[in-house]
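>>> here you go, sequence then predicted model.
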Amino acid sequence: MELRQLHYFIVIAEELNVTKAAKRLHMAQPPLSRQLKQLENELGLLLFERNNNKRLLLTVEGALFLKRAKEIVQRVEKSVLEVQECKNVTNEKLEIGCTIYCASTVLDKLTLIQKQYPNSTFNIYENEPAHLNELLTEGKIDVAVTTTDLPYKHVKTKTLAPDVFVVAVPKESGYAKEKISVAEIASLPLILLRSNREISIYNRIVKEFEKMGITPNILCECHDSAMLLNLVCRGLGAAIVPYSMLSSFSLEHIKILNIEDNPFVIEPLVTWRTDSYLPKIAQEFLKLF
């Protein structure tokens, strides 16, 4: 069994179509089919079920083998990287993930790491905590900065300093107070960040209003932090956001209000794998936390 056969199998499993997999691998379809057949013969079992429309389905054994094949390929790639870094012959690439609420925290650290590694490149994923942890355990990213601690094997987590939420209102609204109560927030036309997963800061905010028997006046649900703050700047409404999110945003058109008896606080987390080699640039990135 060769490493390239495992790579071929992984691509076929992702495409579930040999022709599409061959195109992605920049090779002809017949030799790819032969490689798959040789792999199945060596294992003595079928990895895929075939149907009439050329669509493949992983067998139970195929699904298990796919998981192990990914682990093997990932370990080999990380081992090669580790050896290459001994001679400083690798590209300095940092692959990280963050949630929408932690983007500012990551941005601050990226600025520092880029000064330390001026030739570095970055691959950044913005998604929900559960998806980021999946990317982490699959080896697609090296570090994740999230808002939810999810239990995964071979992953280590460090809790960062709490991030307190504030209310951002348009300056032209003429809001004179420096502080605002939760009840007063509910009466404002609110623009809230909304995620696509069940575990979200949005849900936590709405549930806090429900606990107090208050129905918030939600004008808009937004899925992009930059758009959210631009909507506030345009005078469309107010937003409940972590203070860190405002650190890299111009406050020329925004007024920040502190929340009385503030129930809206998050503790960001930085998470990384412990079962494989971390590139040096990722190790240095973690040191910044």
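Great, that's in hand.
>>> what segments of the stretch 101-250 of the chain are strands?
121-126, 143-146, 155-159, 163-170, 179-180, 190-193, 218-222, 239-242 (DSSP state E, counting those that start in this stretch).
>>> so which of those comes closest to Gln283?
strand 143-146 (9.5 Å; Cβ to Cβ). For every residue, glycine as well, the C-beta is placed using N, CA and C.
>>> so in that sheet, which strands flank the closest one, and in what orientation?
strand 93-98 (parallel), strand 269-273 (antiparallel) (DSSP bridges).
>>> tell me the first helix or strand C-terminal of the shortest one.
Which is strand 269-273. helix 280-287 (DSSP states H and E).
>>> and that next one, what does it pack onto?
Applying 3 or more Cβ pairs under 8 Å, 6 or more residues apart in numbering; DSSP states H and E, we find helix 280-287 packed against strand 93-98, helix 103-116, strand 143-146, strand 269-273.
>>> try it again with 7 Å
The helices and strands touching helix 280-287, judged by 3 or more Cβ pairs under 7 Å, 6 or more residues apart in numbering; DSSP states H and E, are strand 93-98, helix 103-116, strand 143-146.
>>> need the CA coordinates for the longest one. PDB is fine.
Which is helix 103-116. The C-alpha coordinates for helix 103-116 follow below in PDB (Å, rounded to 0.1, in the frame of the first residue of the first chain):
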ATOM      1  CA  ALA A 103     -12.000  38.200  14.700                       C
ATOM      2  CA  SER A 104     -10.500  41.300  16.400                       C
ATOM      3  CA  THR A 105      -8.600  39.200  18.900                       C
ATOM      4  CA  VAL A 106      -7.100  37.200  16.000                       C
ATOM      5  CA  LEU A 107      -6.400  40.300  14.000                       C
ATOM      6  CA  ASP A 108      -4.300  41.800  16.700                       C
ATOM      7  CA  LYS A 109      -2.100  38.700  17.000                       C
ATOM      8  CA  LEU A 110      -1.800  38.400  13.200                       C
ATOM      9  CA  THR A 111      -0.300  41.900  13.000                       C
ATOM     10  CA  LEU A 112       2.300  40.800  15.500                       C
ATOM     11  CA  ILE A 113       3.200  37.500  13.900                       C
ATOM     12  CA  GLN A 114       3.500  39.100  10.500                       C
ATOM     13  CA  LYS A 115       6.200  41.400  11.900                       C
ATOM     14  CA  GLN A 116       8.000  38.400  13.300                       C
END
